[in-house]
Each structure stands twice: as structure tokens, then as C-alpha cells.
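> need a structure here:
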Amino acid sequence: MTKFDEATQAHRVDENTYDVCLDPGFAIGQALNGGYLLAVLLRAVTDASPHAHPVSTSAQFLRVPVTGPAQVELAPLKAGRTAAMTRATLVQDGRPVLETLVTTATLDPDAEPVWTGDPAAALPPVEDCVTLPPPKPESNMTLNDKMDLRFDPPSLGWLRGEPIGRPEMRAYFRLAEEQDPDPYVIALAVDALPPTVFSLGARGWAPTVELTWHLRALPAPGWLTLLGSGRLVRDGWFDEEVEVWDSAGRLVAQSRQLARVGRG
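Model prediction:
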């Protein structure tokens, strides 16, 4: 078992309840990464489902959980031949912190697309991409140590005080510990990029309010490519879309979230 698998494991208590332990290694300051929280919750959902893969997840982030014990409570809504639907809630100290609707299905790893588009942008080779500087210890950015992100250089212009003026962020992604990507790693990946509004000059924590993501295919081993973009920043809110492409050049996941613009 890898460290990521251990940090996201869910232990069955009864038919509709799982015990989990939220790991401090996936923190962004005082908050835990939303994709990490989804990975934990989805472990419980798929364990209880007749189908193997979380193909659609819609999540409302209600509160900021703390590290330590929590529970996932499941309410099955439908179980069919091709898909099952479940309401799943992450609960801590008796209070819901994350509310989701999850559809599970069983994807065919050998399926070929009937039609597919091209990536929204092309990245330079991995060796020509750059990493974020190490965070200051007092920032409690432990998430950085769990991931290996290699950014398309213009995506980090905001670090030099030279934001590109468009809400875009692009990077290669893999876990810091060697592990082939799976649906739970992808749950982390769709929320792994810095907020796209950083490329407009905004800074600070940008809390996710709602996030929906779709698993479109099972990923090949190797680097994932994350392409993030936004369409509108207004009245303190912004949207962010992320495409996830695998090393074989296949679109394997899509996400869209609504978040608050941070104050840095």
C-alpha cells in the first residue's frame, strides 16, 4: 500500500458507514485539499457500490474539516446494471463538511473513443517545465510534498509579479511517491493546480464552494497533464475548468468548480 492509498483508505463500519482519518499531509495552510477529501470519500462509495469506478461526482464544500477522525455516511439512491447513484456525506464531530452525489459505473479499460477533441493547449517537454519554490515552513503547505507538479513556465509568471492576464494554469502532475494514476489519484489531480485567478494577479486562499468532475477513462501509467482555465471572474467569484490527459494522450477526466477569489 502506498502512502496515498493509506492516507485515503476507508474502513467499513456497517452497510452505510465508513471510518476515515484525514491526513495532515494534504494541507493548504489551515485547510485540506478538496481533491484529497473527495478521494477519501470516493474510496467508501466505490467499496459499497456494485460498480468499480466513480464516473461522476458533484460536491458541495460546506465547512473546513480538520485532520483526524471522520466518517463517510452513504445513502444509496439507485443501483442499476450499468450505474449506481449514492449520496455520500463526509461528517466530522457530527457535522457534515462535504456533501456529494456520486455515480459509479464500470469502465472498460480497452474502450476506444468514438470521437475526441484535442487538448486545449500543448505543454513543452517535462524537462523544460518548472516547479514551485519550496513553501515556507510556517505556511503549512504540506500538500506540495505529496505531489510533483511541473509547470508550463508562463503559468508561474504570477510568482515573479508578471501574471499573464488570463485565468490559465498548466502543469504535468504525478504523486511524489511512485504510483500509477488511478481514479483516486485523479480526484486529487483535478484540484491540484494553484487557482487560475493567480494568473490575473489575485493571491491568497481561494476556497472551493462546488466542484463537479467526471472520470472519462482509466489512465495509462505515467505523467498526467493538467490544463486549467476560467471563463468569468465577477463579484468575488470565479469558475475553473480542468482537463486531465494521460501519458497516452487520452482525455481521462474533466472538472469544473466554482470558488471564491482569495485575498492575499
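
> For the rest of this, base every contact and every neighbour count on C-alpha atoms.
Noted.

> what comes up buried for the biggest helix by length in the chain?
When the chain is parsed with DSSP state H, its longest helix is helix 34-48. For helix 34-48, burial by neighbour count (16 or more other Cα atoms under 10 Å) applies to 34-46, 48.

> what's the answer for stretch 120-128, then?
Neighbour-count burial for stretch 120-128, counted by 16+ other Cα under 10 Å, picks out Leu123, Val126.

> Run through who's touching it.
Arg150, Asp152, Arg170, Ala171, Tyr172, Leu227 (Cα atoms under 8 Å, 6 or more residues apart in numbering).

> What is the nearest of those to Tyr184?
Distance to Tyr184 across the contacts of stretch 120-128 (Cα to Cα) is lowest for Tyr172, with 17.0 Å.

> quick check: mean pLDDT across whichever strand or helix holds the closest one?
Assigned by DSSP states H and E, Tyr172 belongs to strand 168-175. Mean pLDDT, computed over strand 168-175, is 98.

> helices and strands around that strand, which ones?
In terms of contacts (3 or more Cα pairs under 8 Å, 6 or more residues apart in numbering; DSSP states H and E), strand 168-175 is packed against strand 147-151, strand 224-229.

> mind putting the ones you listed in CSV, mean neighbour count and distance to Leu74 included?
CSV is the format used below for these (neighbours: other Cα atoms under 10 Å; distance: least, Cα to Cα, whole Å):
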stretch, mean neighbour count, distance to Leu74
strand 147-151, 21, 29
strand 224-229, 26, 30
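
> Now tabulate those in JSON lines and tack on mean pLDDT.
Below are these laid out as JSON lines (pLDDT from 0 to 100):
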{"stretch": "strand 147-151", "mean pLDDT": "97"}
{"stretch": "strand 224-229", "mean pLDDT": "98"}
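
> Figure out which of these is closest to Pro195.
Within these, the stretch nearest Pro195 is strand 224-229; the backing value is 8.7 Å (Cα to Cα).

> Just the CA atoms of the closest one, as CSV, please.
Below are the C-alpha coordinates for strand 224-229, written out as CSV (Å, rounded to 0.1, in the frame of the first residue of the first chain):
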residue,chain,number,x,y,z
LEU,A,224,-0.8,13.4,-16.2
THR,A,225,-1.3,16.7,-18.0
LEU,A,226,-3.5,19.3,-16.3
LEU,A,227,-4.9,22.1,-18.3
GLY,A,228,-6.8,24.7,-16.2
SER,A,229,-8.8,27.7,-17.4
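
> residue boundaries of the strands in the stretch 151-264 of the chain?
Secondary structure of the stretch 151-264 of the chain (DSSP state E, counting those that start in this stretch): strands at 168-175, 208-215, 224-229, 233-234, 237-245, 251-260.

> The ones you listed: which one's closest to Pro113?
strand 251-260 (9.7 Å).

> Also compute the angle for that closest one relative to strand 208-215, please.
170 degrees (axes from the mean of the first three to the mean of the last three Cα atoms, to 10 degrees).

> For Ala83, which of the strands of the stretch 151-264 of the chain is the nearest?
Nearest of the strands of the stretch 151-264 of the chain (Cα to Cα): strand 208-215, 13.3 Å.
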